[in-house]
Each structure stands twice: as C-alpha cells, then as structure tokens.
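Undergrad: Give me a 3D structure for the following:
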Amino acid sequence: MALDIGIDLGTANIIITIAGRGIALNEPSVVAYDRKKKAVVAVGTAAYKMIGRTPEYIVAVRPLKDGVISDNDMTQAMIKEFINIVNGGFMVKPRIVLCVPSSVTDVERRAVVEAALSAGARKVFLIEEPIAALIGAGIDISRPNGTMVVDIGGGTSDVAIVSFNGIVQSRSVKMAGNKMDAAIIRHITQKYKILIGEKTAEKAKMEIANVFKPTGMKKMIVRGRNLLRGLPESIEISDLDTYEALHENAMEIVEQVKLVLESTPPELVGDILSNGILLTGGGALLGGLPELITDRVGAPCFIADNPIECVARGVDEAFKMSDSLLDGFEQVQLYGFH
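TA: Below is the predicted model:
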C-alpha cells in the first residue's frame, strides 16, 4: 500500500508524518559521513550526538542551511534513510508533501524536489511554511479574515498574513534559531573569552533566554575552552547575557512583522489587531518574544499549542485540503516524474 508522507524539512530538525497516523519521526537534520569509506554512518539523533566528538575522517554535518538545501547528496541520503525508517523497510514509493519557506527561489525549490525524487518519492508536492503552520495550529484559513503567523525555525523565520486560503503578504528572513545560537557563542567569546559549543549555546537559549525584560535571576553554568589559556573553564551566565546576545536578532524578526503589516490592506490589519499574531516553530519558545512583539507592534501575540510540530501537523493535513488552497500548495512534475 502506497503511503502519503509529509516532511517538515527543517534546518534544525526533520519531522515526518504519515497520513492518517500523525507524526512518525522527529529527529535532528544531521548526517554523519565517513570520508574514508565514502559512506553515511548515521543520521538524525545518532549523528547529532557525534557533533564535535568524531575523528577527522568522520564529519557530522547539517545538510540544510538557512531553510534550504546546501548539500544535495547528504540531504538525499538523509531523506532516503528516514523514509526507510517510517516505511518499515518496505520498497514503497510514497507521495510526499514538503515544506518550503515562503521566499524560496525556483532553484531552491527544484533542489528540494530533486532530493525527494532521488530519495524514492512517487509524486512530490510543495507547501509554503506559513500555510502549513496555520493549518497545523488548527486555524481555519478558509474564512475571509486575516490571520498573521510568525514561523521561526532553525534557518528561516517566515512572516505571513493569510486570508481565504491564500497568502496576502509574506516575508522571509534568514534569522532564526541557528543564528541565535551563533550569536550566543559570539557574545560569550567576546565577553568572557570562553569558547562554548553549539549545543551549549542552544541549551542557554532554551533555558534562560529573555529578549524582553530580563531580570538577571535566571542563571546557568556553561563549560568551554578559555581562549587565553587554552584550558577548560566553567562560568555562570544569566538571562542578561542572552538578552545582550539575542535582542538585536529578535528585533530583526519584529521589523519583518512591521514590514508585512505596512503593506497589508487596512481591513486585514484590523483583523490582526482583533485576532492577534500566532507564533509557531521552535523559535516561538524564545523567552520574552511574544511580549516583545506585542509591545513593539501593538497587536496581541501568542504561542501556538506545541509550536514545534505545527508545520508538520499542517503538512499532514495538506493532502485533504489541496483542492481548496489557493496558493502555497502545488504538485510538482519534474523530469517526467508525476
């Protein structure tokens, strides 16, 4: 029996759904590759655990950057392996729905399609992330009533206003979770002369960050290498540190929200003031972000239930709604595959 599979192909994580069964897989978008054997040795969580801990001939890489494919071969290998996992090893060519950022170019779109086809897809469909996020959050987008979503992933943040099954205005910016992690690493390095790892920075972002009104009361111990002495060292940082590191990044997202609103018809802006702004994606959990957007934009902002899985749940529903969606969803035919 052929499967319908939905893939939220994120820069940080890949979430796969099976139609009628829900989420079947949620793992980091990481591939470990053995350069001596020229073979993939691990994907997902197993590969993520290898970051920073492998010999020189094994590299653990993220094959997506800023929301798009940066390494075709590794992406194809990762998708193929994950499809085999959710397929139970059966040689079944599924129909696949894939998410893409709202600002994706034709070249980037083609790369996603080729990766899915090479991984064994029978048919490929694309859906824009803001549409999927709203559907997955349980929002009825069929009404002629404006709804605004800010979907913050690992590589991109998508801001869109949707009404009557279509995107009215949208913007996408390559400012999201990964760049926030890098900002924390950079700040700790400059302020304390301590180099911390990517996973440590991500933990600090999730556990103590506040981009609105930090108090200095949230603290954690981070471990890294003292750049002056070259030796391991532990220091205590607080939410004041993460505020200094991330406030500028958060304001870039706020600016995108303002720009979308400025180019939106007044009637729909009125809807946004009434309905509020919905935050989805892993970045929605950044401390103080809803309050910051509410304060700077003037419209209420709230986090969707289980925001990390909104796009994936929307992808799962996309097949049922494909006939009614005005845009943001398309069947792709490439190189004779259809």
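Undergrad: Please name the nearest non-neighbouring residue to the residue nearest the centre of the chain.
TA: Nearest residue to the geometric centre of the chain (C-alpha atoms, centre = their mean): residue 153, 2.5 Å. Take residue 153 and drop its neighbours on the chain: the residue closest to it by C-beta to C-beta, 6 or more residues apart in numbering is residue 281, 4.7 Å away. C-betas here are computed from N, CA, C, even on glycine.
Undergrad: Equivalent analysis for residue 258, please.
TA: Nearest to residue 258 is residue 297, by C-beta to C-beta, 6+ apart, at 6.4 Å.
Undergrad: got the contact list for the residue nearest to residue 153?
TA: Residues counted as contacts of residue 281 (C-beta atoms under 8 Å, 6 or more residues apart in numbering) are 133, 151-153, 157, 176, 307-308, 310-311.
Undergrad: what about 6 Å?
TA: Residue 281 sits next to 151-153, 307 when contact means C-beta atoms under 6 Å, 6 or more residues apart in numbering.
Undergrad: Spatially, which two of those are the most separated?
TA: The distance between the two most remote of those (C-beta to C-beta) is 10.4 Å, for 153 and 307.
Undergrad: Going by residue numbers, what spans are helices in this structure?
TA: Using DSSP state H, the helices of the chain run over residues 45-48, 72-87, 106-118, 129-136, 177-192, 198-208, 239-262, 266-275, 289-297, 310-321.
Undergrad: quick one, which of those is packed in tightest?
TA: helix 129-136 (a mean of 30; mean count of other C-beta atoms under 10 Å).
Undergrad: looking only at pLDDT, what's the mean for stretch 17-29?
TA: For stretch 17-29, the mean per-residue pLDDT is 92.
Undergrad: List the contacts of it.
TA: With C-beta under 6 Å, 6+ apart, stretch 17-29 has contacts from 3-6, 10, 13-16, 44-45, 48, 62, 64, 82, 86, 312, 315-316, 319.
Undergrad: how about it as CSV, C-alpha atoms only?
TA: Presented in CSV, the C-alpha positions along stretch 17-29 are these (Å, rounded to 0.1, in the frame of the first residue of the first chain):
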residue,chain,number,x,y,z
THR,A,17,4.2,12.4,9.2
ILE,A,18,2.2,9.6,7.7
ALA,A,19,-1.3,10.4,6.5
GLY,A,20,-3.8,9.1,9.0
ARG,A,21,-1.2,8.2,11.6
GLY,A,22,0.3,11.6,12.6
ILE,A,23,3.9,12.2,13.4
ALA,A,24,6.1,9.2,12.8
LEU,A,25,9.6,10.7,13.2
ASN,A,26,11.2,13.8,14.8
GLU,A,27,15.0,13.9,14.7
PRO,A,28,17.8,16.5,14.1
SER,A,29,18.6,17.3,10.5
